[in-house]
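In: need coordinates for the below:
(one chain, ligands or ions: 1)
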Amino acid sequence: MTIVDLIFKDAKAERGKIFFAATAAGLANTLVLMLVNSAAQAPEKAGARAFFLFVVFIATYVLAARYVFHRMTDIVEEILYRIKCRIVEKVERAELSGFERIGASEIYDRVTENATMISGAAGLVTNVLQQAIIFTFAVLYIAWLSFPAFALLALLIAAGLALYWSRSEGMGDLLKALARTRLTFFDALTDLLKGFKEVKFSQARSSQVRADITQSAALLRDVSRKANHLFDENFILASCNLFVLLGALAFVLPRHMQVEASALSKLIAGVMFLWGPLQGVVSGYPAYVRSNQAIAEIEALERKLDEAAGAAAVPDEHGEDPWKGNLGVIEARDVTYEYPRANGDGAFHIGPLNLSIQPGEIVFIVGGNGSGKSTFVKVLTGLYPPTGGTLRVGGVEVRSENVAAYREMITAIFSDFHLFAKAYGLIGIDEGLVRRLLVQMQLEGKTSFEGDRFTRRDLSTGQRKRLAMIVSLLEDRPIFVFDEWAADQDPEFRAYFYEELLPSLKQRGKTVIAVSHDDRYFRCADRVITMELGMIRSIEAGSSRPALVKSMNAE
Ligand SMILES: Nc1ncnc2c1ncn2[C@@H]1O[C@H](COP(=O)(O)OP(=O)(O)OP(=O)(O)O)[C@@H](O)[C@H]1O
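Out: Down below sits the predicted model:
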């Protein structure tokens, strides 16, 4: 879809009005020029009537042009607003695996860079529309002055356009390459910003990171330069087209037909009229092509997000909720999950896994690095849909239609957790309770809760995790999931987590699934599930530690 299609579709009934106003503005513009031209040819006739018309044409131009420009800007901004809202909604609906496949860079780029490009193009596209109308009127004026001159003009314009299109053919590919290069640059820059501290410690790393960023910036410069050169050359080509026309009128036409000097000078003035509109059209064309490309990229992102969407990733009135907050046994039956393959590398997979977790049970998932603990937890919490087998909760299979309702029963702190700027989802919470939890987590004086947010989030890693724990406790859902929560806590808090917090959650009937490496606290679990190479190696009782069942892939 082009930007013109998009605007036309959105303008609906106003289309005719906009087109009429653009035509009025173009006509008024042409009439001003024609009036000035004839006044210059015959100054004795340029009286009060001509001046009155001059003022009327200018007033018409101002009113009509203002309407067209403002409405087009409003329409484009409204379209962009809706695109942004739609993308945010689609990101929300996307499943984690699809979101991970797309990556944040592409979403940032499309929502910011491409939207800015389209926004900037609104005025230029309006100008192209108006200038094209003025151009048409100016050509008609020339036809009225002399038909042979018009025929010559039509021929040259047709030849110019054919050349212009043939030269613009590679433009689409070039702009696609530009978008790809922008993502590479963005990724490289993000690497530097995220690895800021690591870069500070190594001159070699710093210069290599810089070299990579410089390389992608150079690539961006080269592709952008190539595209702009092509646009510039097309602009020069269009100007040359007019020079050729002026030359044909001045040197060729008088040799082949009888033309009066005054008619010839009017014709030349008429052709000069074309100059402004032609420049407007040709210089606005790159913005038109770029915005079309930007729209195509946004559409491609939306398609990817649609593919990544679950049936009910955001619970709404149509989403199923078979549990209504009542948790039953969580049962994984022959569950498998496989990551998508990337760059020919083998994809990690877990399972088939069999496990039942009773309501109110504390289960630790343990095992070496990369054994698949976090992956299994993501499947158990409905973040990754199993690629095989079934996940049942209270006897009901977790499917895309009801997974959102299942997730509403879970509060989770993953190892790469995020603290939101506002306490989203907790707005209106009892502030006294928050204050008590801040004291309990020894965060009083470090941060406080005011209105809808915690005043400070720039705390130490352990403190940030304690703040995330406060959010989790405030959410107070039937299932608590902790992915190595205690890893960054001091011994005192680590003991508090395992020996006080988890038992108190159990006492309140909560189910706890915790990924842990703290083997001295394994006794605090009801059961300890050990994973190895994506499989369950053993399931043991936590407190006594004798093997309840010791079998591969089974309870
Ligand atoms: N988003 C992803 N895309 C593709 N593969 C992934 C992704 N996340 C993890 N993996 C792969 O899955 C494997 C298991 O990762 P996982 O995070 O589940 O391990 P873990 O047992 O939690 O490890 P750790 O103790 O180090 O946290 C890793 O070896 C990694 O290669």
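
In: going forward, measure contacts and count neighbours with C-alpha atoms only.
Out: Fine.

In: what about the strands in the chain?
Out: Assigned by DSSP state E, the chain shows strands spanning 330-338, 349-357, 362-367, 388-393, 396-397, 410-413, 449-450, 453-454, 479-483, 511-515, 527-532, 535-541, 547-549.

In: okay, the ones you listed in a markdown table with distance to Ala287, mean neighbour count and mean pLDDT next?
Out: Shown next, in a markdown table, are the strands of the chain (distance: least, CA to CA, whole Å; neighbours: other CA atoms under 10 Å; pLDDT from 0 to 100):
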| stretch | distance to Ala287 | mean neighbour count | mean pLDDT |
| --- | --- | --- | --- |
| strand 330-338 | 43 | 21 | 97 |
| strand 349-357 | 46 | 20 | 95 |
| strand 362-367 | 55 | 25 | 97 |
| strand 388-393 | 48 | 20 | 96 |
| strand 396-397 | 51 | 16 | 94 |
| strand 410-413 | 46 | 21 | 96 |
| strand 449-450 | 46 | 14 | 88 |
| strand 453-454 | 42 | 18 | 89 |
| strand 479-483 | 48 | 23 | 97 |
| strand 511-515 | 52 | 26 | 97 |
| strand 527-532 | 55 | 22 | 96 |
| strand 535-541 | 55 | 22 | 94 |
| strand 547-549 | 68 | 14 | 40 |
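
In: now render those as CSV, adding distance to the ligand.
Out: As requested, those are exported to CSV (distance: least, CA to the nearest ligand atom, whole Å):
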stretch, distance to the ligand
strand 330-338, 8
strand 349-357, 7
strand 362-367, 6
strand 388-393, 17
strand 396-397, 23
strand 410-413, 13
strand 449-450, 31
strand 453-454, 28
strand 479-483, 8
strand 511-515, 8
strand 527-532, 8
strand 535-541, 10
strand 547-549, 21
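
In: could you dump the ones you listed into a markdown table and include distance to Val252?
Out: What follows is the strands of the chain, written out as a markdown table (distance: least, CA to CA, whole Å):
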| stretch | distance to Val252 |
| --- | --- |
| strand 330-338 | 75 |
| strand 349-357 | 78 |
| strand 362-367 | 89 |
| strand 388-393 | 79 |
| strand 396-397 | 84 |
| strand 410-413 | 81 |
| strand 449-450 | 81 |
| strand 453-454 | 78 |
| strand 479-483 | 83 |
| strand 511-515 | 87 |
| strand 527-532 | 87 |
| strand 535-541 | 87 |
| strand 547-549 | 100 |
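
In: if I look at the residue nearest to Phe522 when sequence neighbours are not counted, how far off is Tyr288?
Out: Using CA to CA, 6 or more residues apart in numbering and skipping the chain neighbours, the partner closest in space to Phe522 is Gly542 (5.6 Å). According to CA to CA, to the nearest Å, Gly542 stands 66 Å off from Tyr288.

In: run a quick neighbour tally on the residue in the stretch 151-300 of the chain that the ligand sits nearest to.
Out: The stretch 151-300 of the chain approaches the ligand most closely through Asp187 (16.6 Å), counting by CA to the nearest ligand atom. Asp187: 18 surrounding residues under other CA atoms under 10 Å.

In: so which residues on the stretch 301-450 of the chain come close to the ligand?
Out: Tyr339, Phe348, Gly368, Asn369, Gly370, Ser371, Gly372, Lys373, Ser374, Thr375 (CA under 6 Å from any ligand atom).

In: include pLDDT when you put those residues into CSV, please.
Out: Shown next, in CSV, are those (pLDDT from 0 to 100):
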residue, pLDDT
Tyr339, 92
Phe348, 93
Gly368, 94
Asn369, 95
Gly370, 94
Ser371, 96
Gly372, 96
Lys373, 97
Ser374, 96
Thr375, 97
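
In: sort out which of those are buried, if you could.
Out: Phe348, Ser371, Gly372, Lys373, Ser374, Thr375 (16 or more other CA atoms under 10 Å).

In: ok, the residue of the stretch 51-200 of the chain found nearest the ligand - contacts?
Out: Per CA to the nearest ligand atom, Glu100 is where the stretch 51-200 of the chain lies closest to the ligand, at 6.1 Å. Contact partners of Glu100, counting by CA atoms under 8 Å, 6 or more residues apart in numbering, are absent.

In: one more time with 10 Å
Out: Ala94, Ala308, Pro340 (CA atoms under 10 Å, 6 or more residues apart in numbering).

In: how about the contacts made by the closest residue in space to the first one that isn't next to it in sequence?
Out: In other words, Ala94. Distances taken as CA to CA, 6+ apart place Ala309 nearest to Ala94, at 3.8 Å, with adjacent residues excluded. Contacts for Ala309 (CA under 10 Å, 6+ apart) come out as Lys90, Val91, Glu92, Arg93, Ala94, Glu95, Leu96, Ser97, Gly98, Phe99, Arg303, Ser400.

In: now swap in Gly425 and tell me
Out: Asp452, Val471, Leu474, Glu475.

In: quick check, nearest of those to Ile134?
Out: Within these, the smallest distance to Ile134 is 55.5 Å, found for Asp452 (CA to CA).

In: and the closest one, how many neighbours?
Out: Neighbours around Asp452, by other CA under 10 Å: 16.

In: hmm, it is touching Asp430, no?
Out: No: with contacts counted by CA atoms under 10 Å, Asp452 stays clear of Asp430, the gap being 11.0 Å.

In: can you redo the contacts of Ala309 as a markdown table with pLDDT and neighbour count?
Out: Output for those, formatted as a markdown table (pLDDT from 0 to 100; neighbours: other CA atoms under 10 Å):
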| residue | pLDDT | neighbour count |
| --- | --- | --- |
| Lys90 | 92 | 23 |
| Val91 | 91 | 20 |
| Glu92 | 88 | 16 |
| Arg93 | 87 | 21 |
| Ala94 | 90 | 23 |
| Glu95 | 89 | 25 |
| Leu96 | 91 | 19 |
| Ser97 | 88 | 15 |
| Gly98 | 89 | 19 |
| Phe99 | 90 | 19 |
| Arg303 | 93 | 13 |
| Ser400 | 86 | 18 |
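
In: from the residues you listed, which is closest to Tyr141?
Out: Arg303 (47.6 Å).

In: quick one: that closest one from Thr411, how far?
Out: The value you get for Arg303 to Thr411, if CA to CA is used, is 30 Å.

In: one more: Ala149?
Out: Counting by CA to CA - Ala149 and Thr411 are separated by 78 Å.

In: repeat for Leu174
Out: 47 Å.

In: neighbour-wise, which of the contacts of Gly425 leads?
Out: Counting by other CA under 10 Å, top hit in the contacts of Gly425: Val471 with 21 neighbours.
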